[in-house]
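Chemist: Have a look; sequence and predicted model below, questions after that.
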Amino acid sequence: MQILPGGDNMKKRFKIFWEQENNCRQLASTNRRAVNEYNEKTLSTLLLLGWVLVLMTLLSVPFSNTKAAAVPAYLLSFSIFFALSLLFKIPAVKKYTYIGLYSGFSVLFLLGIYLSVVHSPDMRATILLGGFVIMPLSFIDCPRRIRLFLAFWLVVQTALAFHFKPQYALDDTINCLVASVLGGYLGKTLVQVRLEGYEAQRLLTIEKETDVLTGLLNRRKLFETLAALETTGAEKPSGILMIDIDYFKNFNDNYGHAIGDKYLNCFGETLTKFTQNFRLDFYRYGGEEFVAMAYGYDEKELLTVAESLRIAVQNTDIDGNRTTVSIGVAYCGEEKIRNYENVIDRADKALYAAKRAGRNKVCMEQNEILVK
């Protein structure tokens, strides 16, 4: 077993620590939607519990002589928590989740420090220790920012403790430091576990919804989307394209299935690249047939987009091999559609019209418009 010199060992540990930090940030960025949803739920719970628990404490004041002197602090905390809970119900404010979380925990730390240092200077800190442990466990954020937040309140608590209760200041500082280190470590570990869980779920979803060969959404995802379109709040497509690779069976027979699979893979990349400039979602319908959901286009624009797609595929080169597609277009615009499978059938009929016209063409179903 090789024993590294002290300096090299420290460098290795620092490198591992830094890699973990970067990995955490990358996972958080990749799974931003899941992280935001979790933090929004945490914020809602924190603010609700904040004002409810403070209110319960206020209601107990008539039965406790020790809490009477702290009524102004409790009232202020209750007012802030209640105002924050109302504020973060506004849709435009909800996106500032981190501000709400750090604000809510700041109120808790202020109240805890007041009770520990000013209200009860003859007692050691107790509830405040829970804040240093619980806060890093509560939500997902950059571990570095959480550590800075804990360090800030530790400094504030220590400075005030040495001023107002010097007899217990050192004990409180040590206890709060231990609690913050413990909370920071457990919080970092828990955040990593949560993020890895989100990543595993994301990859599982991709595997379930993605066609392996083309990298496009698969038929299963298509029918899930069609079912979702029946709900009231779903964004409705303005049209559907049915796409078929011309003479693909002959292409496979002439060049072999390996080249055919390679073409399908490149074809999927071409369609994916196409979505960077156009609002289309592509699905592999089966074999060499594909469906595209188009959003936000009028009838003329939809036809232009389909023609641009035909040209893009025609210009796709696979080891010197080229092929073309026929495209059927069904425009639905502002129609009230109950079953979008009927729109796919309409696009399919337009596709066969394009094939009958000689392939490598675009055909619009409604007005039987044919474009080369």
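Modeler: Now that the structure is in, tell me what you want to look at.
Chemist: after the longest helix along the chain comes which helix or strand?
Modeler: In the chain, taking DSSP state H as the definition, the longest helix is helix 166-209. Scanning forward in sequence from helix 166-209 by DSSP states H and E, the next helix or strand is helix 219-228.
Chemist: Averaged pLDDT, the helix or strand where residue 80 lies. What do you get?
Modeler: Using DSSP H and E, residue 80 sits in helix 71-87. The pLDDT scores in helix 71-87 average 94.
Chemist: Show me what that helix packs onto, helices and strands only.
Modeler: Helix 71-87 is packed against helix 32-59, helix 97-113, with contacts defined by 3 or more CB pairs under 8 Å, 6 or more residues apart in numbering; DSSP states H and E. C-beta coordinates here come from the backbone N, C-alpha and C atoms, glycine included.
Chemist: can you give me how far it is from the chain middle?
Modeler: 31 Å (CA atoms, centre = their mean, to the nearest Å).
Chemist: Buried residues, that helix. List them.
Modeler: Buried positions in helix 71-87, judged by neighbour count with 16 or more other CB atoms under 10 Å: 73-74, 77-78, 80-82, 84-85.
Chemist: can you check stretch 234-254 too?
Modeler: Neighbour count says stretch 234-254 has 237-246, 248, 251-252 buried, by 16+ other CB under 10 Å.
Chemist: where does the stretch 51-200 of the chain have low pLDDT?
Modeler: Along the stretch 51-200 of the chain, segments meeting pLDDT under 70 are nowhere present.
Chemist: again, only using 90
Modeler: Applying pLDDT under 90 to the stretch 51-200 of the chain flags the ranges 57-70, 91, 94-95, 118-127, 142-144.
Chemist: Repeat that for the stretch 251-372 of the chain.
Modeler: 251-263, 266, 286-287, 315-323, 333-339, 365-372.
Chemist: residues contacting the closest residue to residue 121 other than its chain neighbours?
Modeler: Once flanking residues are discounted, residue 121 sits nearest to residue 165: 4.0 Å by CB to CB, 6 or more residues apart in numbering. Shown in contact with residue 165 (CB atoms under 8 Å, 6 or more residues apart in numbering): 117, 121-122, 172.
Chemist: Check residue 326 too.
Modeler: 243-244, 246, 351, 354-355, 359-363.
Chemist: Just these: which are in helices?
Modeler: Taking DSSP H, the ones among the contacts of residue 326 that sit in helices are 351, 354-355.
Chemist: ok, now which ones touch residue 349?
Modeler: By CB under 8 Å, 6+ apart, the contact list for residue 349 reads 328, 365.
Chemist: could you pull out the strands for the stretch 251-372 of the chain?
Modeler: 280-286, 289-294, 325-331, 362-364, 369-371 (DSSP state E, counting those that start in this stretch).
Chemist: Three-state assignment for residue 235, please.
Modeler: When classified by DSSP: H, G, I helix; E, B strand; the rest coil, residue 235 comes out as coil.
Chemist: so it makes contact with residue 295?
Modeler: Yes - the pair residue 235 / residue 295 is scored as a contact, 6.4 Å apart, by CB atoms under 8 Å.
Chemist: Next, the closest residue to residue 196 other than its chain neighbours: secondary structure please.
Modeler: Nearest residue to residue 196 in three dimensions, chain neighbours excluded: residue 27, at 6.9 Å (CB to CB, 6+ apart). Secondary structure for residue 27, judged by three-state DSSP, is helix.
Chemist: what about the closest residue to residue 292 other than its chain neighbours, distance to residue 234?
Modeler: Excluding its sequence neighbours, the residue lying closest to residue 292 (CB to CB, 6+ apart) is residue 241, at 4.0 Å. Using CB to CB, to the nearest Å, we find residue 241 at a distance of 19 Å from residue 234.
Chemist: sorry, back to before: from what I see, the residue nearest to residue 196 and residue 195 are in contact.
Modeler: Yes - taking CB under 8 Å as the definition, residue 27 is a contact partner of residue 195 at 3.9 Å.
Chemist: related to what we said a few turns ago, out of the buried residues of helix 71-87, what pair is the most spread apart?
Modeler: Based on CB to CB, the longest span within these runs between 73 and 85 and measures 18.6 Å.
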